[in-house]
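*Asks:* Here's my sequence, what's the structure:
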Amino acid sequence: MRPLNRVCVIGAGAWGTALAGVAARAGRKVTLYARDAAAAATISATRDNPRLPGIPLDRGILVTHGIAAAGSADIVVIAVPAQHSRAAVAALAPHLSRGTPVIASAKGIEHGTRRFMTEVIEETAPHAVPAILSGPSFADDVARGLPTAVTLAAKDEALAVALVHALGSAAFRPYHTMDVRGVEIGGAAKNVLAIAAGIVVGKQLGASALAALTTRGFSELVRLGRACGGRGETLAGLSGLGDLILTCSSPQSRNFSLGIALGRGKPAPRDKLSEGAHTAPALLELAAAHGVEMPVAQAVAAILAGRLTIDGAIDNLLTRPFRGEG
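*Replies:* Residues are numbered from 1 along each chain as shown. Next up, the predicted model:
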């Protein structure tokens, strides 16, 4: 396997900038691509990204507006929202060398196609090798070098191990797996379930209700994950249960914060919807295709679409027939 020393991160938002810092701390030569030329010039000159105020960009990171720079990379990381990943990979594809690992870092399902991010990469850049990075992490924590553990999945175990060693450090600890679908299901489903958890907090339903909602939501995640071929240990690991716990409890989570706002009677901001809001309908379509029941996710999708009030959704969930655990 060729050396993995040069890393290009596509997307200079908070998460992309944080991951560029991760690669730099791991000793890699890093290029950070920003779609906006003015933003690229400003970040390059000031070594500061307004998306991560107060966290200086490593001096060794090259910031560019030229996506062709990705052509010389040994690893490419896609750090744009899930619904923009296809366009980003399509722009990148002509510049990629055959066999280049392309790591998706968005946690979602493409609206309309029900494609996971590695599937988007496979379709849009078939000469690349897709991988997925997911797990309990916030951009600010990662950018500051605070201890973080995540999961990195690729179909080829040797590649997954090589990617872990290329990006890992004392503060950023990826754990490798070949269970690509399990990692993707965990990352996508937890965003939807975090909205439900936020609604519980916004409605002041209590800690007991939040614990019950998180636990039952995790059961939904596991049912769908197994139906899609995911492994139990992955779904119960960092990219499943770990990420769910984090996003169902922290105001840093945009999904959780959206749920809190909804629970307090505020309308969803249509200009800045969370990944979970985009993922909810696609998640339910996927669940229906596999015959999996997901009542919590279904309630979130209905609330976001205006088909059901929050009080109506709560009544529906609380009056469901009693059933066994699992």
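
*Asks:* backbone phi and psi for the nearest residue to residue 308 once chain neighbours are set aside, please?
*Replies:* Setting aside the residues directly before and after it, residue 308 is nearest to residue 302 in space (C-beta to C-beta, 6 or more residues apart in numbering), at 3.8 Å. The way it works is simple: take the backbone N, C-alpha and C, and place the C-beta from them, glycine included. Main-chain torsions, residue 302, degrees, to the nearest 10: phi -70, psi -40.

*Asks:* average pLDDT for the host helix or strand of residue 199?
*Replies:* For residue 199, the element it lies in under DSSP states H and E is helix 180-202. If you average the pLDDT over helix 180-202, you get 96.

*Asks:* which residues sit against the helix or strand just after that helix?
*Replies:* Downstream of helix 180-202, the first helix or strand assigned by DSSP H and E is helix 207-227. Residues outside helix 207-227 that contact it (C-beta atoms under 8 Å, 6 or more residues apart in numbering) are 181-182, 185-186, 189-190, 193, 196-197, 200-201, 232, 234-236, 240-241, 244-245, 248, 283, 286-287, 290-297, 326.

*Asks:* Helix 207-227: which residues count as buried?
*Replies:* Buried residues in helix 207-227, counted by 16 or more other C-beta atoms under 10 Å: 209-210, 213-214, 216-218, 220-226.

*Asks:* again with stretch 251-271
*Replies:* 253-263, 268.

*Asks:* what's the burial count for the closest residue to residue 100 other than its chain neighbours?
*Replies:* Using C-beta to C-beta, 6+ apart and skipping residues adjacent in sequence, the residue nearest residue 100 is residue 128, 5.3 Å away. Number of residues near residue 128 (other C-beta atoms under 10 Å) recorded here: 20.

*Asks:* cool, and residue 157?
*Replies:* When neighbours are counted by other C-beta under 10 Å, residue 157 registers 11.

*Asks:* Could you give the bridge partners of residue 132?
*Replies:* Note on residue 132: beta-bridge partners by DSSP bridges are residue 104, residue 153.

*Asks:* looking at it, it is touching residue 153, isn't it?
*Replies:* Yes: Residue 132 is within contact range of residue 153, at 5.0 Å (criterion: C-beta atoms under 8 Å).

*Asks:* intersection of neighbour lists for the two?
*Replies:* Contact criterion C-beta under 8 Å, 6+ apart; residues shared by residue 132 and residue 153: 180, 183-184.

*Asks:* And the helices in the stretch 1-150 of the chain?
*Replies:* With helices called from DSSP state H, counting those that start in this stretch, the stretch 1-150 of the chain shows them at 14-25, 37-46, 85-92, 117-124, 139-143.

*Asks:* winner for burial among those?
*Replies:* Neighbour counts (mean count of other C-beta atoms under 10 Å) averaged over each of the helices of the stretch 1-150 of the chain peak at helix 14-25, with a mean of 25.

*Asks:* angle of that one against helix 37-46?
*Replies:* 40 degrees (axes from the mean of the first three to the mean of the last three C-alpha atoms, to 10 degrees).

*Asks:* For helix 14-25, name the packing helices and strands.
*Replies:* Counting contacts by 3 or more C-beta pairs under 8 Å, 6 or more residues apart in numbering; DSSP states H and E, helix 14-25 packs against strand 6-10, strand 29-33, strand 75-78, helix 139-143, helix 157-167.
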